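Engineer: just to be clear, the model below is a prediction. Sequence and coordinates:
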Amino acid sequence: MAIVNRGFVGRRDRDAGRLPPGQYRTFDFPVLSAEPTPSVGLEKWSLAVQSAQHRIHKWSWSQFQELPHEEIVTDIHCVTRWSKFETRWRGVSFDTIIAELPWPAEPYVMAHCHGGYTTNLALTDLVGGRGWVADSYDGEPLPAEHGGPARLLVPHLYFWKSAKWVCRLRFMSSDTPGFWESNGYHMHGDPWTEQRYS
Amino acid sequence: MNEWQITTVISQFRHSTSARSLSLALSEPFQGLPGQHLDIRLTAEDGYSTARTYSLSDVREPRVVEVTVERADDGEVSPYLVDVVEVGEPLEITRPHGGWFTWEPTDTAPVQLIAGGSGLAPLMAMLRSREIAAPAVPFNLVYSFRSPDRMLFADDLRQLAERRRLPIHLAFTRSAPDDDARGARRLDAAELAAVTMPPDRDPAVYICGPNRFVEFCAAAMLTAGHDPRRVRTERFG
């Protein structure tokens, strides 16, 4: 199967050892969105968590700000093959969010976003310090084009799972595909095993 | 997970000093959808390899696809595709991906295309498929790019315009031809609203180009009254 592209040398200066297979390192922060960027005012913003039994728990922006925030420094990996090293975020961990819920968490979550985007995640990928709702990037409030006011941050999965403009987390008893997962992309999205496409 | 296949470059067309289209003969045929993209992987003699994603600019044939590549500043793969690879040589590709920024010829709704620079490539695939599969569907194109020497698909677009198949609005941003009364400047919201299909025709709107361009045009189309659910975007850079 292997071919050689005559005359191709490539760059060797970009820490290939730290990259998942098939990725390249970028120093920019590309924006990928399937739809126009929604504008969400903080006074109207809320994060709702919905149980499989349709119970709702909700934080306003000011209530969300009072939840304990963590600093996260992490590499991120986009399915379009760029990776960016040492991105710096602040956010509230899913461990904190789940501890605040008045009911037990179910095993899957659908993240719903302003503009209609959805993505599905297993609870096991969110807890244990592996998933956050982030509201700051590089020391500044999260810009709208990167998902502000708040987005998911699940950096050990391809970045389409880190849904921008998140507004509702709906718990589910079984795994159901979200937006890209219904449009040809993998249900789980582990970059290290190249779970790109379904 | 990624079924790579080896293709052969069977023809090339140079649009400008910085952009080229490559036609690839497939060893395993597939039918792509207009708007989809695929990955191209290059491998060096020592086994080092890297891949990038490119939009398909022609999906009419199941055994040949075309990609259109603009050389990126600081690019690793695009300079090879634009300047080095020759007809007869192999390229490894995946099958096409992406099921959202796509147009189906069975969709009879009018289509508004808005391209910035090499963002024209996937929209060109839509135009070409429309000509053979759904010629009655109304299309309209707004194409913004730097200067006349950077135009992609100049002949194809001229022919479509001459045959009255496509209203085209060209917007030069840095330098314009002498006979272009508009002159060279960025698109603004009023101009975009004036030259695109009105919201009451409820067109499917496809916007592709650099992120800043797409961000601006998408916001302008919403301000003009288009339903956000009808606006699909694809961005690079």
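Structural biologist: That came through fine.

Engineer: what sits against residue A:21?
Structural biologist: By C-beta atoms under 8 Å, 6 or more residues apart in numbering or on different chains, residue A:21 lies in contact with A:192, A:194. (C-beta placed from N, C-alpha, C; glycine too.)

Engineer: what pLDDT does it get?
Structural biologist: The model reports residue A:21 with a pLDDT of 91.

Engineer: wait, residue B:104 sits on residue B:31?
Structural biologist: No - Residue B:104 lies out of contact with residue B:31 (C-beta atoms under 8 Å); the separation is 12.0 Å.

Engineer: and the two? Which one has more around it.
Structural biologist: Neighbour totals were compared for residue B:104 and residue B:31, and residue B:104 leads with 14 against 11 (other C-beta atoms under 10 Å in any protein chain shown).

Engineer: tell me where the model's unsure across chain B.
Structural biologist: When residues are selected by pLDDT under 70, those of chain B lie in B:1-2, B:237.

Engineer: where along chain A do the helices fall?
Structural biologist: Per DSSP state H, chain A carries helices over the ranges A:61-66, A:94-100.

Engineer: now, of those, which is deepest in the fold?
Structural biologist: Each of the helices of chain A was scored by mean neighbour count; the highest is helix A:94-100, a mean of 17, by mean count of other C-beta atoms under 10 Å in any protein chain shown.

Engineer: now do the contacts for residue B:71.
Structural biologist: B:18-19, B:78-79, B:82-83.

Engineer: dump the residues you listed to TSV, plus distance to residue A:143, neighbour count and secondary structure.
Structural biologist: Formatted as TSV, the contacts of residue B:71 follow (distance: C-beta to C-beta, whole Å; neighbours: other C-beta atoms under 10 Å in any protein chain shown; DSSP: H, G, I helix; E, B strand; the rest coil):
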residue	distance to residue A:143	neighbour count	secondary structure
B:18	30	21	coil
B:19	30	23	strand
B:78	27	21	helix
B:79	31	16	helix
B:82	32	24	helix
B:83	35	13	helix
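
Engineer: tell me the secondary structure at residue B:161.
Structural biologist: Look at residue B:161: counting by DSSP: H, G, I helix; E, B strand; the rest coil, its state is helix.

Engineer: just give me the neighbour total for it.
Structural biologist: Using other C-beta under 10 Å: residue B:161 sits among 14 other residues.

Engineer: OK, contacts around it?
Structural biologist: Contacts of residue B:161 by C-beta under 8 Å, 6+ apart are B:167-168.

Engineer: again, only this time at 10 Å
Structural biologist: B:141, B:167-168, B:170 (C-beta atoms under 10 Å, 6 or more residues apart in numbering or on different chains).

Engineer: go on, residue B:34?
Structural biologist: For residue B:34, counting by C-beta under 10 Å, 6+ apart, the contacting residues are B:55-60, B:101-105, B:122-130, B:133, B:206.

Engineer: hmm, 7 Å instead?
Structural biologist: B:59, B:102-103, B:125-126, B:129 (C-beta atoms under 7 Å, 6 or more residues apart in numbering or on different chains).

Engineer: go on, residue B:197?
Structural biologist: For residue B:197, the contacting residues are B:110, B:112, B:140, B:203, by C-beta under 7 Å, 6+ apart.

Engineer: quickly find the element holding the residue of chain B most remote from its centre.
Structural biologist: Residue farthest from the centre of chain B, counting by C-alpha atoms, centre = their mean, is residue B:46 at 33.4 Å. Element membership for residue B:46 (DSSP states H and E) is empty, with no helix or strand holding it.
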